[in-house]
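[1] Everything below, folded, please.
(one chain, ligands or ions: 1)
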Amino acid sequence: MRLVLLGPPGAGKGTQAKFIEERLGVPHISTGDLLRGAVQRQTALGQAAEQYMTRGELVPNDVVVEMIAERIKERDCLEGFLLDGFPRNLTQAEVLERMLVSHRAQLDHVVSIRVHPEELIRRLSGRRTCRSCGAMYHVVFNPPKQNERCDRCGGELFQRDDDREDTIRARLAVYDRETAPLHDYYQHRGLLRSIDGEGTAEAVRSRILAVLDGTQ
Ligand code: AMP
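    Numbers count the residues shown, from 1 in each chain. Below is the predicted model:
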């Protein structure tokens, strides 16, 4: 199955992607994670991307498109994949469509997770991420057992630069301007499945599973 997860920053795409990956056995491909990895390793791509990411802006299309084109050619993507954070604008959506045609493949669903802006800001400004394994916590809603340490691997928890309030607002504005038009794009293609992203992670997961199982 080939899926795209759409939704503003803080909608819970990363959390839900992990569930879906386990359930469907398709790789979870997050452009944000790939880019953060490149920044951490200070590759040429990472150096090119870093300034945009810390400002909450989109990294130029050619950088991201090349990264995705390489990734979906890999063997583990033959039977499908779950894209999280890509496409992020109409140009990327059109490139993805052309890439899939050249692989004689197509998307099955585009799952859009909807959450109110005030809730997104609450979620993102309290978010903490593990430097070692990428696990996510929230200072109020999902605190780690031990202060500033990851429950899973003991790694150090930190606040992403782009999870600070002014950058969060910039990221939400970018989403409205650049990414929200993809709803119409995929609606026209009959692929859009809209999900209420409020409530617990388990509640949202059930709504997504209902869509994937075809019961909604
Ligand atoms: P995310 O973890 O998906 O919120 O992504 C973090 C940051 O990485 C974004 O704010 C962008 O700067 C960059 N980024 C991730 N995916 C893309 C994309 N498809 N196109 C452009 N920039 C991206």
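[2] near the ligand, which residues of this protein?
    9, 31-32, 35, 52-53, 56-59, 64, 85-86, 88, 92, 162, 171 (Cβ under 6 Å from any ligand atom). Placement of C-beta: from N, CA and C, glycine included.
[3] What about the residues you listed, which are in strands?
    Using DSSP state E, no member of the residues of the chain next to the ligand falls in strands.
[4] Just the ones of these in helices?
    Taking DSSP state H as the definition of helices, the residues of the chain next to the ligand contribute 31-32, 35, 52-53, 64, 92, 171.
[5] Please spell out the PyMOL selection for the buried subset of these.
    Selecting only the buried entries of those in PyMOL, with 16 or more other Cβ atoms under 10 Å as the criterion:
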select buried, resi 31+32+35+53+64+92+171
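[6] which one of the ones in helices among the residues of the chain next to the ligand is nearest the ligand?
    residue 32 (2.1 Å; Cβ to the nearest ligand atom).
[7] Give me the neighbour count for residue 8.
    When neighbours are counted by other Cβ atoms under 10 Å, residue 8 registers 23.
[8] what's around the residue lying closest to it once chain neighbours are set aside, how many residues?
    Nearest in space to residue 8, with sequence neighbours left out and distances taken as Cβ to Cβ, 6 or more residues apart in numbering, is residue 175 at 4.4 Å. Counted with other Cβ under 10 Å, residues neighbouring residue 175 total 21.
[9] The protein: strands as residue ranges?
    2-6, 28-30, 81-84, 109-114, 127-130, 136-138, 157-158, 192-196.
[10] Can you add mean neighbour count and mean pLDDT and give the ones you listed back as TSV?
    Output for the strands of the chain, formatted as TSV (neighbours: other Cβ atoms under 10 Å; pLDDT from 0 to 100):
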stretch	mean neighbour count	mean pLDDT
strand 2-6	24	97
strand 28-30	21	96
strand 81-84	24	96
strand 109-114	21	97
strand 127-130	20	93
strand 136-138	17	92
strand 157-158	17	94
strand 192-196	17	96
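[11] would you turn those into CSV with distance to residue 69?
    Compiled in CSV, those are given as follows (distance: least, Cβ to Cβ, whole Å):
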stretch, distance to residue 69
strand 2-6, 15
strand 28-30, 12
strand 81-84, 12
strand 109-114, 19
strand 127-130, 27
strand 136-138, 28
strand 157-158, 31
strand 192-196, 24
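[12] Can you report phi and psi for the closest residue to residue 26 other than its chain neighbours?
    Closest residue to residue 26 apart from its sequence neighbours, by Cβ to Cβ, 6+ apart: residue 80 at 4.1 Å. Dihedral pair for residue 80: phi 150, psi 180, per degrees, to the nearest 10.
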